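[1] give me a 3D structure for the following:
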Amino acid sequence: MDYLFYVVPGLIMIGALAQAVAVVRRSLRLRSNWNSGLTAEARCLRTYTTTSGGGETSVSTTLHHVYEFATREGRTVRFEEAGGPRATVEGDIVPVHYTAAHPERATAHAPGRGRVLAGAVGILVFLSVIVAFCVGFMVTYAEVFAADGPFAGMP
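    Got it, this is the predicted structure:
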């Protein structure tokens, strides 16, 4: 039964590390879009919201936009983005930033390098605390409660 006290924290750590990778990838993607210098005018085709939570947890609502634009080569690209400005409605024209290699990963978010960096660092610090807590829990359990630990057999 001791394995349970290693498996559960291990799974929590894997989840936290996977989330950290996703945060870093998203930040790097935004940065590469903004630094590419490629911009276009996109039309907002649709907006919709999704909700999550409820019951015993708080409800959160996320606003999504669907945009369409033409690249410099004339290729029409449609993409969806979550968390956009609430003032953007269907039919609005907004500037988008994209890379030549992956125009489908474009963003309509205005460049805000400091804000994105601060948010990413905050999330990574939080996830680091979760990983450190799990490691500390596993080490403490191994030392104090494990059958082969230094305190094994003590009343």
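[2] list the contacts of the most centrally placed residue in the chain.
    In the chain, the residue lying closest to the centroid (Cα atoms, centre = their mean) is residue 23, at 4.1 Å. Residue 23 makes contacts with 120, 123-124, 127, as judged by Cβ atoms under 8 Å, 6 or more residues apart in numbering. C-betas here are computed from N, CA, C, even on glycine.
[3] neighbour-wise, give me the winner out of these.
    Among these, the one with the most neighbours (other Cβ atoms under 10 Å) is residue 127, at 19 neighbours.
[4] let me see the confidence value for that residue.
    Note on residue 127: pLDDT of 97.
[5] with residue 70 instead?
    With respect to pLDDT, residue 70 scores 96.
[6] would you mind measuring from it to residue 37?
    Noted for residue 70: a distance of 17 Å to residue 37, by Cβ to Cβ, to the nearest Å.
[7] now do residue 110
    15 Å.
[8] any residues touching the longest strand seen in the chain, and which ones?
    For the chain, the longest strand by residue count, based on DSSP state E, is strand 38-54. The contact list for strand 38-54, computed with Cβ under 8 Å, 6+ apart, reads 59-72, 78, 88-100, 103, 106, 108.
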